[in-house]
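Asks: predicted model and sequence below, questions to follow.
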Amino acid sequence: MWKEFKDFIMTGNVIDFTVAVILAGAIGLVVNGFVSDIAMPIIGNLKGDVDLSQMKYVLSAAVIEDGNVVKPENAIRYGAWINSIVNLVFVGGILFFLVKTKNKIDPPAPKAAAGPSEVDLLKEIRDSLKK
């Protein structure tokens, strides 16, 4: 059983998948950092010195008694949602350009030419049987 597991783990597909998952996590962190720390502050500055990630619609305010939060604030954090949308657009754009570049460098293999159809094969068998 150990040998089967070792053979399975050492196949190219599992190793390639593992590398892809690790790289995807790293790229996600880089893109998230870019959006949160560079893109959104620029957009917020253009909008009038607003921190978009802190934008929210408060449904019920927090209740604080003696400096302790008795009931936390309930709010719709649409600014964080906007950050997520911008993040998605950046990740989608990066992936689009990566795939497009990969296809230019290494174009997909052409599809094999289709063989004769079933009808053609049956006609050929019929004609062979007639002879």
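Replies: Here it is on my side, so go on. The model shown is predicted, which means the values in this text are computed figures rather than measured ones. Numbering: from 1, shown residues only.
Asks: wait, residue 60 touches residue 73, no?
Replies: Yes - using Cβ atoms under 8 Å, residue 60 is in contact with residue 73, at 7.1 Å. (C-beta placed from N, C-alpha, C; glycine too.)
Asks: and the pLDDT for residue 74?
Replies: At residue 74, the model reports a pLDDT of 92.
Asks: what element comes up after the lowest-mean-pLDDT helix or strand in the chain heading to the C-terminus?
Replies: For the chain, the helix or strand with the lowest mean confidence is helix 2-9, at a mean of 76 (criterion: mean pLDDT, DSSP states H and E). Beyond helix 2-9 in the direction of the C-terminus, DSSP states H and E gives the next helix or strand as helix 12-34.
Asks: returning to that earlier point: out of residue 60 and residue 73, which sits in the busier spot?
Replies: Set residue 60 next to residue 73 and count neighbours by other Cβ atoms under 10 Å: residue 73 wins out with 13 against 10.
Asks: apart from its chain neighbours, what residue comes closest to the more buried one?
Replies: Nearest in space to residue 73, with sequence neighbours left out and distances taken as Cβ to Cβ, 6 or more residues apart in numbering, is residue 62 at 4.0 Å.
Asks: returning to that earlier point: show me the contact partners of the least confident helix or strand of the chain.
Replies: Applying Cβ atoms under 8 Å, 6 or more residues apart in numbering, the external contacts of helix 2-9 come out as 14, 15.
Asks: quick one: that helix to chain centroid distance?
Replies: If you compare the mean C-alpha spot of helix 2-9 with that of the full chain, they lie 30 Å apart, counting by Cα atoms, centre = their mean, to the nearest Å.
Asks: with stretch 5-15 instead?
Replies: A distance of 24 Å separates the centroid of the chain from that of stretch 5-15, by Cα atoms, centre = their mean.
Asks: for the protein, what are the low-confidence residue spans?
Replies: Filtered on pLDDT under 70, the chain yields the residue ranges 12, 112-113.
Asks: could I get the buried residue list for the single longest helix found in the chain?
Replies: Longest helix in the chain, counting residues (DSSP state H): helix 78-105. Of the residues in helix 78-105, those scored as buried under the neighbour-count criterion (16 or more other Cβ atoms under 10 Å) are 79, 82, 83, 86, 87, 90, 91.
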